[in-house]
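Novice: What follows is a predicted protein model with its sequence.
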Amino acid sequence: MATMTPPAPSRVVNRTHRVIRAQALKQQEQKNKVRGLYLPLIFGGVLLFAAVVTTAIILASDADGEGSLPYASEQIFVLLMWLIPVSAAAIGVVWYKRGKADRGGKR
């Protein structure tokens with residue numbers, strides 16, 4: 001006949017339940033944080049797309065003929081339209097990584 005194992009002590013069971021609840025709360029917080037970033041990400045993407053389309057329309061309407069180059073002031077405008085979002089993204093990544101390092105790195 002098979003022998004039965006004794007049940008686990010209640011303190012072990014309670015600790016396990018506490019650990020699982022704490023992990024579930026951390027996962028829920030992470031999901032809420034990610035969901036909170038969807039709207040700004042979509043809004044920023046739409047604004048960036050609108051800026052690129054507007055820039056293309058401005059450059060296409062001001063061109064005198066096919067193969068002509070835009071004026072220098074328009075070239076600087078186009079350069080800024082690309083550099084500003086890329087620079088902001090790079091600064092954001094560096095800021096995030098430094099903040100994570102200040103909190104103790106990987107957890």
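Specialist: Yes, it's here. All values reported here derive from a predicted model rather than from experimental measurement.
Novice: Who are the packing partners of the host helix or strand of K26?
Specialist: Using DSSP states H and E, K26 sits in helix 10-62. When contacts are defined as 3 or more CB pairs under 8 Å, 6 or more residues apart in numbering; DSSP states H and E, helix 10-62 packs onto helix 72-102. All C-beta spots, glycine's among them, are computed from the backbone N, C-alpha and C.
Novice: and the helix it packs on, what does it pack onto?
Specialist: With 3+ CB pairs under 8 Å, 6+ apart as the test, helix 72-102 has helix 10-62 packed against it.
Novice: Give me the distance from the helix it packs on to the chain's centre.
Specialist: Here helix 10-62 shows a centroid-to-chain-centroid distance of 6 Å under the convention CA atoms, centre = their mean, to the nearest Å.
Novice: Can you list the low-confidence ranges for the chain?
Specialist: Along the chain, segments meeting pLDDT under 70 span 1-2, 61-74, 104-107.
Novice: Recalculate using a threshold of 90.
Specialist: Within the chain, the ranges that satisfy pLDDT under 90 run 1-16, 29-107.
Novice: neighbours around V52, how many?
Specialist: Neighbourhood size, V52 [other CB atoms under 10 Å]: 14.
Novice: Report the contact partners of the nearest residue to it once chain neighbours are set aside.
Specialist: Take V52 and drop its neighbours on the chain: the residue closest to it by CB to CB, 6 or more residues apart in numbering is M81, 6.9 Å away. Neighbour list for M81: 51-52, 55 [criterion: CB atoms under 8 Å, 6 or more residues apart in numbering].
Novice: Can I get the residues you listed in a markdown table including distance to A88?
Specialist: Output for those, formatted as a markdown table (distance: CB to CB, whole Å):
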| residue | distance to A88 |
| --- | --- |
| A51 | 13 |
| V52 | 15 |
| T55 | 17 |
